[in-house]
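Visitor: Build me a model:
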Amino acid sequence: MSKQIGIVRASVTVAAATAFVVTWSSGFLIPAIATVDDSPLTLLVWRFAPLAVVLIGLVWVSGSARGATPKDIGTQALIGLFAQFGYCVAVYAAIAAGIATGTVALIDAVQPLVVAVLVGPLLGLRVRGMQWAGLALGAVGVLLVVRSQFGSSAASPIAYLLPALAMVCLIIGTFIQRRSPAQTGVLLTLTIHVVVTSVLLVIVAAVTGSLAPPASPSFWLAVVLTALFPTLAAYGLYWWLLRRVGITVLNALLFLIAPTTALGGGILLGETLTAVTIAGFVLCGVGVAAVLVGETKNGEMKNGETTNGRSEASGPATKDGPDAAERSGVEV
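Guide: Numbering: from 1, shown residues only. Alright, predicted model coming up:
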């Protein structure tokens, strides 16, 4: 019976991971299509503001905020400032500047390597050699996937700092979440992030004269699509997967977003797809597999017996005890 339950749980995780990659990729593709005629800031405002009202209503009806402390809410507001507001504004600005969607996704995909470097000293976790190899291989794959796109953009070189800024914002938000003991549910977490982002966007749009929406049906279709997929689905899955599989595995999945975006850009936007792109797809897949295998071995080591007969979970690797290990993302 436990084996069947394990299969079901694994299937749910795989399905969630697949949906996460697809919906996160849509966050690059939809703005590239929708902001040709409309301001990216206007699209962002109307992507988040109505959704904030809906989510507040859902939290009120469901009672999801029950038990949340002001400190919990403040922590999630700070995470939302970086992980949604900072990230989305930088990504939309990069796409509006003319950087190809695959290139934006590529720079974004460097995040796992940065996280792998920082995860040890900041979270007290061990990154295995196989995981390092997988992350490096995935990085090479991503570079190959978007290699043909670097020379095709008319964007200013300074504009390439925008996707880098987006990456930094998401990393900061992720580390704040993993370091915090706050345990708000996914619905409340997403609501706080969306509300903070909406308030800031409305202020910026009002100051810059970008608040009034156009009347075109295509704009409102883009608003609905961006609210449903890259906001509700992608961010909800991001935080759910972060708790389910841990920070290293989740960031390995981000490697798949660049090739997925490049594929979508080739189909929808006519961006270049070559044999080099296919080779990059393969390398990304192998790299992610290596990281997942390494994470599985970490879990086995943590839950098994060490050579001296002591459980690693109770040893010096987790100086604050097993609970601290769970908060830092060791549990799979």
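Visitor: Alpha carbons of the helix or strand encompassing A166, in PDB - could you do that?
Guide: Element membership of A166 [criterion: DSSP states H and E] is helix 161-179. Coordinates of each C-alpha in helix 161-179 appear next as PDB, following Å, rounded to 0.1, in the frame of the first residue of the first chain:
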ATOM      1  CA  LEU A 161      21.400  43.800 -16.900                       C
ATOM      2  CA  LEU A 162      17.600  43.700 -16.600                       C
ATOM      3  CA  PRO A 163      17.200  39.900 -16.700                       C
ATOM      4  CA  ALA A 164      20.200  39.600 -14.400                       C
ATOM      5  CA  LEU A 165      18.400  41.800 -12.000                       C
ATOM      6  CA  ALA A 166      15.300  39.600 -12.300                       C
ATOM      7  CA  MET A 167      17.400  36.600 -11.400                       C
ATOM      8  CA  VAL A 168      18.900  38.300  -8.400                       C
ATOM      9  CA  CYS A 169      15.500  39.300  -7.100                       C
ATOM     10  CA  LEU A 170      14.200  35.800  -7.300                       C
ATOM     11  CA  ILE A 171      17.200  34.400  -5.600                       C
ATOM     12  CA  ILE A 172      16.800  36.900  -2.700                       C
ATOM     13  CA  GLY A 173      13.200  36.100  -2.300                       C
ATOM     14  CA  THR A 174      13.900  32.300  -2.300                       C
ATOM     15  CA  PHE A 175      16.600  32.600   0.300                       C
ATOM     16  CA  ILE A 176      14.500  34.800   2.600                       C
ATOM     17  CA  GLN A 177      11.700  32.200   2.400                       C
ATOM     18  CA  ARG A 178      14.000  29.300   3.200                       C
ATOM     19  CA  ARG A 179      15.600  31.100   6.100                       C
END
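Visitor: contact partners of it?
Guide: Here helix 161-179 makes contact (Cβ atoms under 8 Å, 6 or more residues apart in numbering) with 75, 78-84, 86-88, 90-91, 93-94, 97, 99, 103-104, 107-108, 110-111, 114-115, 118, 122-123, 239, 242, 247, 251, 327-329. Glycine gets a C-beta too; all of them are placed from N, C-alpha and C.
Visitor: now do stretch 79-97
Guide: If you take Cβ under 8 Å, 6+ apart as the criterion, stretch 79-97 is touched by 27-28, 31-32, 35, 40-41, 43-44, 101, 104, 108, 155-156, 159-160, 162-163, 165-166, 169-170, 172-174, 176-177, 180, 189, 192-197, 200-201, 235.
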